[in-house]
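Engineer: Sequence first, predicted coordinates after that:
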Amino acid sequence: MRYINTLVEGETIRNIYLCKGKRSAETRNGKPYDNLILQDKTGTLDGKVWDPNSNGIADYDEMDFIEVFGDVISYNNNLQLNIRQIRKAYEDEYVAADYMPTTEKSTDSMFEELIGYVKKIDNDYLRQAVEYYFVNDETFIKTFVGHSAAKTVHHGFAGGLLEHTLSVVKMCEYMVSAYPILNKDLLYAAAICHDIGKTKELSPFPTNDYTDDGQLLGHIVIGVEMISDAVRSIPGFPEQLASELKHCIVAHHGELEYGSPKKPALAEALALNFADATDAKMQTLTELFKDKKNNDWLGYNRLFESNLRKTIV
């Protein structure tokens, strides 16, 4: 098994990967070619099939495991595989777990730490709302622990949703200690629950793609609906408190153009937005710089609106 993160420019490889994406296109001269996204647990690799009608390219579909033979090149400072041969792999030729990107941290330890923050919520109503999913719902817990936080941008790996959520909660813990205006219980509850809708927005691996509800509603709306279900199960839950908790989730992307139906109107909502955005961007940088063997500039990045490179050590 040659993992994607071990490939180097100039080598020729024959290996099995998951065909995560497949799209047909044409060159400027009208010649057809295929764009592939190949995946294993260490990441993804762009692949190009410049002669898709050749005898060496067997029939295959997106989400198939395929054996590819080709040359590793560098294009725009990123590795790319120019593929000369493809065949669909047999089930006994690969182990599916090798192709699912996974957090490098212990999910058991992270979830135990997250539950520690649930226990720090003193308000009975808010704690019960969080426990509705994170303590009492075994199906949700299993899904949440193994889920990704995104399709591609950040934490797009199994366990990524848990890793991201815990990081956001830890940042909120610092803000609570630094800024007494913040309601600790509300912020902790909102931080723990802010992305629960992603368990229904994205499908499990290996697809890790948007579901119908993900396309039609998005994780923010789904998350608010899930919080509403929890609130309705708790007798006497204060109406204003419920609205404040929902608002934090509704506004956690911060801006209307980033998908939030409302901009933050509470200090806790603003704090959650800052924590969420900070972790998302720092993890994105982490993934961009991962396995880079030099300090070359990466080129313009649309998310950061800047050219980027690692610090020279």
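Structural biologist: Right, received. Where do you want to start? The structure presented is a predicted model; accordingly, all values stated were derived computationally and were not measured.
Engineer: three-state assignment of L288?
Structural biologist: helix (DSSP: H, G, I helix; E, B strand; the rest coil).
Engineer: Distance check, it against K310.
Structural biologist: Going from L288 to K310 by CB to CB, to the nearest Å gives 9 Å. (Glycine included, C-beta is placed from N, CA and C.)
Engineer: same thing with I222?
Structural biologist: If you go by CB to CB, the gap between I222 and K310 works out to 36 Å.
Engineer: which one of these two has more residues nearby?
Structural biologist: Using other CB atoms under 10 Å as the criterion, I222 and K310 rank with I222 on top: 22 against 14.
Engineer: Helices along this structure, start to end?
Structural biologist: Assigned by DSSP state H, the helices in the chain fall at 107-119, 124-134, 138-146, 160-178, 184-193, 198-201, 212-216, 219-232, 239-250, 267-289.
Engineer: neighbours around Q215, how many?
Structural biologist: Close neighbours of Q215, defined as other CB under 10 Å, add up to 10.
Engineer: Could you list the low-pLDDT ranges of the chain?
Structural biologist: Residue ranges of the chain with pLDDT under 70: 152-153, 291, 313.
Engineer: so where's the longest strand in it?
Structural biologist: As assigned by DSSP state E, the longest strand anywhere in the chain is strand 12-26.
Engineer: Go through that strand and flag the buried ones.
Structural biologist: By neighbour count on 16 or more other CB atoms under 10 Å, the buried set for strand 12-26 is 15-22.
Engineer: repeat for stretch 175-187
Structural biologist: By neighbour count with 16+ other CB under 10 Å, stretch 175-187 contains the buried residues 175-176, 182-187.
Engineer: Of all pairs in these, which one is the farthest apart?
Structural biologist: Spatially, the most separated pair among those is M175 and D185, at 13.7 Å (CB to CB).
Engineer: neighbours around the residue nearest to D296 when sequence neighbours are not counted, how many?
Structural biologist: Using CB to CB, 6 or more residues apart in numbering and skipping residues adjacent in sequence, the residue nearest D296 is N77, 6.0 Å away. Close neighbours of N77, defined as other CB under 10 Å, add up to 12.
Engineer: Same check on the one 5 residues further on?
Structural biologist: Using other CB under 10 Å, N82 has 14 neighbouring residues.
Engineer: my guess is it meets W50, correct?
Structural biologist: Yes. The pair N82 / W50 is scored as a contact, 6.7 Å apart, by CB atoms under 8 Å.
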